[in-house]
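Student: sequence? don't have it. structure:
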């Protein structure tokens, strides 16, 4: 059973743009809750949550780290997520299982590109959130500008519940707009602070924002609206209750401020997590599908309900092997018992249950509703699998993983390391669904695909260090895709006579572009009258998907097409699954030719922050790289250039940008969309493919 009741449990994540201060905020939370007895620092490589060697060396978070701590009478399960877009899968799968989130904004940078990405991810999973404007100790920090950007760029109904207390350009404390008090810090550790009346010089602004807060709440909460219309002033207790209601429903986002590095405002952030973010009981029940009936069922958050959990992450521990991180949605489970993997339809034995503290494990005997823990001993379970009781099967909707945008060839330096490399790639693929491995039969190359150069660099480094395999990699290549722009009818007929029994398969299909970009390849059977027996339909579908792995232009995968099986024929004796699989592949190839396939390339959303004097050189260089400038804004003492730019044009861009600006500019980017490759570039790619006579696959 729980040490605390469900309403005293908070499952939260810390999410943000890179360098906004997520891990530093997490470290302060661990310190103030008593989980750690000394402060860990990212720049010193001593941060508890950045435990990987690669994280400590680079000073960035690479993998989501989980821990559990106590604040007041609540238990907080905390996940610290990466900010770099190459590791966005870690944010995606964490948000899938969390009940609430704290999104951290840099007080200087404001709403940055990856801030928008994580905000949209939280929207997609309907995760209630608080906003924490960090780095208020910086000279050019502007809390009010960040608040404005949240409303304009994110469309957030953001309401300040705190204001920064700045005196002579020094950030000294926080003005609480709910209690209308000032919290002033005196020591460097920030453990102790005084709560006093708001000084006269700051009282007028505090009253103005207190009134705005009441208005913001009244707009989305009937109880406060009623008092507001009657001209009555709501008490602090009433405002807190209303803030909790509106935050949980996602109608309002409370905005706090502080400086995690200077140890100011983090305890008040913890208070807000307890006061405003939901418990597992406060969020709507998660829905699952009964695999036997296909009906949707709600999973009630109760220890008395049948056991149901989702595996949201797989990791490899050097001592115990594979670890499966799970979120328990209902019921209880003890170690040593068997559970049922409804996704794989197999029984698995849980050898051990552990509560994670970054990379440290605390053995526990049982888990209950709302817990986020790790299980040891599950052999078949992968990320996204549903775990339940065999008598009460339920499938939770799996996560969607991003498609890789870059690939490299990899091979071991020593031939006898081939098997070790295969094992390493298999384990890394289990851990990271955004990392793909494929084999090119024509060239004999193993290809690894990922979300960016840094993503693949880190994985290659892990292969060398963790698996002791020395490897060499090729130059990065763009993961192009092939698609079509119009709907056509196509057919494929496979006939083979070789003396005995022959082979016969015939399929007629409609092929057209998807209405929604990113929908991939879909198959639909619309055959009527039994033109093809039902037992061959799955073979046709498999043939379509196999053929789509390699397009007709340059061997890149086909995407965003809709295939409908409309007709065909069969032979009572000669038809077989293999024959229809071949016929389906021929039909798709015929359709791609008729529809005049085009090549698509990944386009990146890039933001460059550059001093004014170098802006002309940077814009000129971007224009030569087929970039489309979206906006140019002023941010503190630099300019922020936002542009869409093809990935093929910006390999090694960091080096080029440094030389253009004497190292004073920086940039961030993330995959945005796929766009058609210009004809003159497409022709070169196709010509190179034809002359090489190879097949590329990602």
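Tutor: Now that the structure is in, tell me what you want to look at. Bear in mind that the values here come from a model prediction, so they are computed numbers and not experimental data. Numbering: from 1, shown residues only.

Student: can you map out the helices along the stretch 501-650 of the chain?
Tutor: All helices of the stretch 501-650 of the chain, identified by DSSP state H, counting those that start in this stretch, fall at 537-547, 577-594, 615-624.

Student: Just name the most buried of those.
Tutor: When the helices of the stretch 501-650 of the chain are scored by mean count of other CB atoms under 10 Å, the highest mean neighbour count falls to helix 577-594 (a mean of 22). Heads up, the C-betas are built off the backbone N, CA and C, glycines and all.

Student: Output the contacting helices and strands for it.
Tutor: Applying 3 or more CB pairs under 8 Å, 6 or more residues apart in numbering; DSSP states H and E, we find helix 577-594 packed against strand 488-496, strand 503-513, helix 537-547, strand 561-569.

Student: That one relative to helix 537-547, how many degrees between them?
Tutor: 50 degrees (axes from the mean of the first three to the mean of the last three CA atoms, to 10 degrees).

Student: now helix 577-594, how far from the chain's geometric center?
Tutor: Relative to the chain's own centre, helix 577-594 is displaced by 35 Å; criterion: CA atoms, centre = their mean, to the nearest Å.

Student: just the helices in the stretch 151-300 of the chain please.
Tutor: Using DSSP H, counting those that start in this stretch, helices in the stretch 151-300 of the chain cover 200-220, 222-229, 236-248, 266-276.

Student: which residues are in contact with the helix or strand encompassing residue 419?
Tutor: Element membership for residue 419, per DSSP states H and E: helix 418-431. Contact partners of helix 418-431, identified using CB atoms under 8 Å, 6 or more residues apart in numbering, comprise 313-316, 322, 382-383, 410-412, 435-437, 446, 448, 459, 462-463, 466-469, 471.

Student: again, only this time at 6 Å
Tutor: Residues from elsewhere that reach helix 418-431 (CB atoms under 6 Å, 6 or more residues apart in numbering): 314, 315, 316, 412, 435, 437, 459, 463, 467, 469.

Student: wait, doesn't residue 526 sit right on residue 564?
Tutor: Yes. Under the criterion of CB atoms under 6 Å, residue 526 makes contact with residue 564 at 5.4 Å.

Student: More neighbours: which of the two?
Tutor: Per other CB atoms under 10 Å, whichever of residue 526 and residue 564 has more neighbours is residue 564, with 17 against 10.

Student: That one and residue 585: what is the separation?
Tutor: Separation of residue 564 from residue 585 (CB to CB, to the nearest Å): 16 Å.

Student: Equivalent analysis for residue 322, please.
Tutor: The gap separating residue 322 from residue 585 is 36 Å, by CB to CB.

Student: and the helices and strands packed on helix 577-594, which is most packed in?
Tutor: Most buried of these, by mean neighbour count (mean count of other CB under 10 Å): strand 503-513, with a mean of 22.

Student: tell me the angle that strand makes with strand 561-569.
Tutor: Going by the same axes, to 10 degrees, strand 503-513 makes 150 degrees with strand 561-569.

Student: just how off-centre is strand 503-513 within its chain?
Tutor: Per CA atoms, centre = their mean, the displacement of strand 503-513 from the mean C-alpha position of its chain is 36 Å.

Student: Ok, stretch 164-184 next?
Tutor: Distance of stretch 164-184 from its chain centroid, counting by CA atoms, centre = their mean, is 34 Å.

Student: gap between the two ends of that stretch?
Tutor: Using CA to CA, to the nearest Å, one end of stretch 164-184 lies 10 Å from the other.

Student: going forward can the numbers begin at 43, since that is how I track them
Tutor: Sure, I'll start counting at 43 from here, so that last one is stretch 206-226.

Student: could the helices of the stretch 543-692 of the chain go into CSV alongside mean pLDDT and distance to residue 301?
Tutor: CSV is the format used below for the helices of the stretch 543-692 of the chain (pLDDT from 0 to 100; distance: least, CB to CB, whole Å):
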stretch, mean pLDDT, distance to residue 301
helix 579-589, 93, 52
helix 619-636, 93, 56
helix 657-666, 92, 30
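
Student: mind putting those in a markdown table, distance to residue 672 included?
Tutor: Converted to a markdown table, those look like this (distance: least, CB to CB, whole Å):
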| stretch | distance to residue 672 |
| --- | --- |
| helix 579-589 | 36 |
| helix 619-636 | 33 |
| helix 657-666 | 11 |
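
Student: Quick one: closest of those helices to residue 160.
Tutor: helix 657-666 (25.2 Å; CB to CB).

Student: Identify the residues contacting that closest one?
Tutor: With contact meaning CB under 6 Å, 6+ apart, helix 657-666 is reached by 652, 681, 685, 702.
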